[in-house]
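**Q** Attaching a predicted model along with its sequence, questions to come.
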Amino acid sequence: MVATLEPIVGRYMTIGLGGRAHRIYFEEAGQGIPLVCLHTAGADGRQFRHLMVDDEVTSHFRVLAFDMPWHGKSLPPQGWESEEYRLTTAGYTEMIVAFCHALDLDHPVVMGCSIGGRIVLSLAIEHASMFRALIGLEAADFQSPWYDTTWLNRPDVHGGEVCAALVSGLIAPQSPDETRHETLWMYKQSGPGVFKGDLYFYRVDGDLRAKVGGIDTGTCPLYLLTGEYDFSCSPDDTRRTAEKIRGAEVTIMREVGHFPMSENPRQFRRYILPVLEKIRSAS
Amino acid sequence: MPGDFDNDRLATAFEQLPRLLADDPDLVRRGAFFDARFEVGIGAIPFDVVVAAGKVTSLERGPFVMRSWRFAVRGTAEAWGRLWQPVPDPGWHDLSALVKRGTASLEGDLQPLMANLQYVKDLLVLPRRIAAEQR
């Protein structure tokens, strides 16, 4: 078998978040408009690896994905052993803004999935003028819980196995086995309590139902794409959210679930390429 | 089976669980540390299921009088019928999706279920393969 070298490059940076130093890992590929990708809860930036090797994307966009602190190859901050990890709206926003500033990205596009989709809505509310466009994958202003998160981190249940088993149902039945199981592998690798800590933002701290009506898509266009098999953030959740935002564009993706970019990259590009083209044309 | 949510037909499909599992040695391997007695409600028909080291050692169709179990998974006939379609519809394609929409429930001590969740979910969708066998 001939070895192949991918165009993706990975680097580390140390940035201050919440007054503490954080060593962050990020990957990037391509040139052009900065496109910052935000992974789902309990996973990491590898979810976007297929997008980063898609010439039709990377010929016009500089695609970047960082692992959030505590995730992937990014470390938790010093002293992590004596605290419970909890993602908050303020902390999540700070890390995205700090990452974009650290790399001096000029009006980047931010595309986030799941919790990344939720924070994209928050960015649209609070920081619209910073961004060229915002893309929420599997995004809504609120979703009804469908399991008790205390099961995610306790000694008599394997955390990686139960996290993967729960989210496995969010993958569409049509998604290829290879990418289905690669998506689940990232959940199996997640550190103890990290998925649960991310969901604090999702379920407790990040309810945007009273705020999304204030989003001005004239300042920053907003695209919302949701998979038909996602029962965590269902198409109805996304539609209900979009009804409150004048100018938001909604796409329901067929034969896709909660992880479009990683569970079925080929199907996802059918939907995301036209959105990226629209953003490029307007730039 | 499409569109057929008859209790007896679904229960007959579920009774094939030991055979379907025996044809899936990888699933047996993944259940190597799973031992439990649990109840599965297929519509109005309860089943007493005993799993030892990932193998179904007993599958008994109810009704029962005072049968004990560690946990129970119950679904409406429509829930199982739709879940077992070769390509299930959105929202009917996973046990948790059924629980969220209120057509299935999880009861009792959920620790052994959650500790072996992928195994149990995969076990309970094995009847999906029957339609493929009949083609």
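**A** Perfect, thanks for sending it. Numbers count the residues shown, from 1 in each chain, chains lettered A, B, ... in the order given.
**Q** need the contact list for whichever residue of chain B sits closest to chain A.
**A** Per Cβ to the nearest Cβ, residue B:94 is where chain B lies closest to chain A, at 2.9 Å. Bear in mind the C-beta positions are built from the backbone N, C-alpha and C, glycine included. Residue B:94 is in contact with A:168-170, A:231, B:83, B:121, counting by Cβ atoms under 8 Å, 6 or more residues apart in numbering or on different chains.
**Q** Please report phi then psi for it.
**A** Dihedral pair for residue B:94: phi -150, psi 150, per degrees, to the nearest 10.
**Q** Regarding residue 119, which helix or strand does it belong to?
**A** Reading this off chain A. helix A:115-126 (DSSP states H and E).
**Q** you looked at the wrong chain, it should be chain B
**A** Residue B:119 belongs to helix B:117-124 when assigned by DSSP H and E.
**Q** Output that helix in CSV, but only the C-alpha positions, please.
**A** Provided in CSV are the C-alpha atoms of helix B:117-124 (Å, rounded to 0.1, in the frame of the first residue of the first chain):
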residue,chain,number,x,y,z
LEU,B,117,-26.2,-0.2,26.5
GLN,B,118,-24.7,-0.8,23.0
TYR,B,119,-25.0,-4.6,23.5
VAL,B,120,-28.7,-4.4,24.6
LYS,B,121,-29.6,-1.9,21.9
ASP,B,122,-28.0,-4.2,19.3
LEU,B,123,-29.6,-7.3,20.7
LEU,B,124,-33.1,-5.7,20.7
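**Q** Which neighbouring elements make contact with the helix holding residue A:119?
**A** strand A:33-38, helix A:89-102, strand A:109-113, strand A:133-137, strand A:222-227 (3 or more Cβ pairs under 8 Å, 6 or more residues apart in numbering or on different chains; DSSP states H and E).
**Q** pLDDT on the second one, on average?
**A** What that stands for is helix A:89-102. For helix A:89-102, the mean per-residue pLDDT is 97.
**Q** Now do the lengthiest helix in chain A against strand A:222-227: the angle between them, please.
**A** Longest helix in chain A, counting residues (DSSP state H): helix A:265-282. Calculated by axes from the mean of the first three to the mean of the last three Cα atoms, to 10 degrees, helix A:265-282 forms an angle of 170 degrees with strand A:222-227.
**Q** What about residue A:222, how many residues nearby?
**A** 27 (other Cβ atoms under 10 Å in any protein chain shown).
**Q** Kindly apply the preceding question to residue A:248 instead.
**A** The burial count assigned to residue A:248 is 23, neighbours taken as other Cβ under 10 Å.
**Q** residues contacting it?
**A** A:215, A:217, A:222-224, A:241-242.
**Q** could you redo the last one with a cut-off of 6 Å?
**A** Each residue near residue A:248 by Cβ atoms under 6 Å, 6 or more residues apart in numbering or on different chains is listed here: A:217, A:222, A:224, A:242.
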